[in-house]
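Peer 1: I'll drop the sequence and a predicted model, then ask my questions.
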Amino acid sequence: MGKDVIIACDFPNKIEALNFLDLFIKEKPFVKIGMELFYSAGPSFLKELKRRGHKIFLDLKLYDIPNTIRRCSRVLSYQYVDMFSIHASGTKAMMQAAMEGATREDGKHPLVIAITQLTSTDQQSMESDILIHEPIDKVVMHYATLAKKSKLNGVVCSALEAQKVHKVCGKKFLTVTPGIRFDMKNKGDQKRVMTPAQAKRAGSDYIVVGRPITQAKDPVAMYKKCVKAFVG
């Protein structure tokens, strides 16, 4: 898979999500399904999305002991998803277990990517709330390096760190970057943000865009605007 715009379908239920996706008549956008929608709609919803022709990023941010993550990843590997996320802070052993579980008998597996630091986190909150006193860039690079050593496919990071991640981990190591905004004055709860064009220049492989598309007056037009700015 190459560069793409992933729409964060942060809806409370299946009906609202499908009504939104029905707006896309010609396009079949890559979609992110997070915890709220997955817990509401269940695994069968993933099958419905695949039937409709969508690629799926299942963003459950898995975090547990290695054995539990291995078993959970095995389940997700057969759940029609193209990509799923785990927390890099769960340690190298947990990330290795995720890859072991996700790899099917034929050697294939969904893309497994590690969360570094959420884009709603800045240096101050990282230090005061979770007692990490290293510079945020250093923390992200450390997590990215551990993820690569664990054979993961890439990381979730802000676009601000994408170029550095590629420098440390190589161009084939994927960077999935949320915190994308067209209006930098309207960041919402995001703190480390970029526009789609800036993310492209920074080297992001995928951008995850939620409210700027889902809450737009014309979501399809806004999606196309994102694709044009990021993919070209």
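Peer 2: Done, it's in. Numbering: from 1, shown residues only.
Peer 1: what comes into contact with stretch 28-46?
Peer 2: Residues from elsewhere that reach stretch 28-46 (C-beta atoms under 8 Å, 6 or more residues apart in numbering): 4-14, 17, 21, 49, 52-61, 79-82, 206, 208, 210, 223. Where you see a C-beta, it was placed from the backbone N, CA and C, and this is true even at glycine.
Peer 1: okay, and the helix or strand of the protein with the least pLDDT?
Peer 2: helix 123-130 (a mean of 90; mean pLDDT, DSSP states H and E).
Peer 1: now do the buried residues in the lengthiest helix in the chain.
Peer 2: Taking DSSP state H as the criterion, the chain has its longest helix at helix 136-149. Neighbour counts over helix 136-149 (16 or more other C-beta atoms under 10 Å) mark 136, 137, 139, 140, 141, 143, 144, 145, 146, 147, 148 as buried.
Peer 1: mind listing what the third one touches?
Peer 2: The one in question is residue 139. 116, 117, 126, 132.
Peer 1: same question for the last one.
Peer 2: Residues in contact with residue 148 (C-beta under 8 Å, 6+ apart) are 169, 170, 173.
Peer 1: returning to what we had before: Throw the contacts of residue 139 into CSV and include distance to residue 153, secondary structure and neighbour count, thanks.
Peer 2: Shown next, in CSV, are the contacts of residue 139 (distance: C-beta to C-beta, whole Å; DSSP: H, G, I helix; E, B strand; the rest coil; neighbours: other C-beta atoms under 10 Å):
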residue, distance to residue 153, secondary structure, neighbour count
116, 14, coil, 26
117, 18, coil, 25
126, 25, helix, 18
132, 25, coil, 17
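Peer 1: turn the residues you listed into a markdown table, columns for distance to residue 162.
Peer 2: Output for those, formatted as a markdown table (distance: C-beta to C-beta, whole Å):
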| residue | distance to residue 162 |
| --- | --- |
| 116 | 11 |
| 117 | 13 |
| 126 | 18 |
| 132 | 20 |
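Peer 1: now do stretch 113-131: distance to the chain's middle.
Peer 2: Taking C-alpha atoms, centre = their mean, to the nearest Å, one finds stretch 113-131 lying 16 Å from the centre of the chain it belongs to.
Peer 1: for residue 67, what are its contacts?
Peer 2: Neighbours of residue 67 in contact, by C-beta under 8 Å, 6+ apart: residue 97.
Peer 1: check it and give its pLDDT.
Peer 2: Looking at residue 67, its pLDDT reads 98.
Peer 1: looks to me like it is in a strand.
Peer 2: No. Assessed with DSSP: H, G, I helix; E, B strand; the rest coil, residue 67 is helix; it does not lie in a strand.
Peer 1: what about it, distance to residue 100?
Peer 2: Distance from residue 67 to residue 100, counting by C-beta to C-beta, to the nearest Å: 10 Å.
Peer 1: do the same with residue 120
Peer 2: 30 Å.
Peer 1: could you do residue 228 as well?
Peer 2: 40 Å.
Peer 1: the two: which is more packed in?
Peer 2: For residue 228 versus residue 100, neighbours defined as other C-beta atoms under 10 Å are more numerous around residue 100 (16 against 12).
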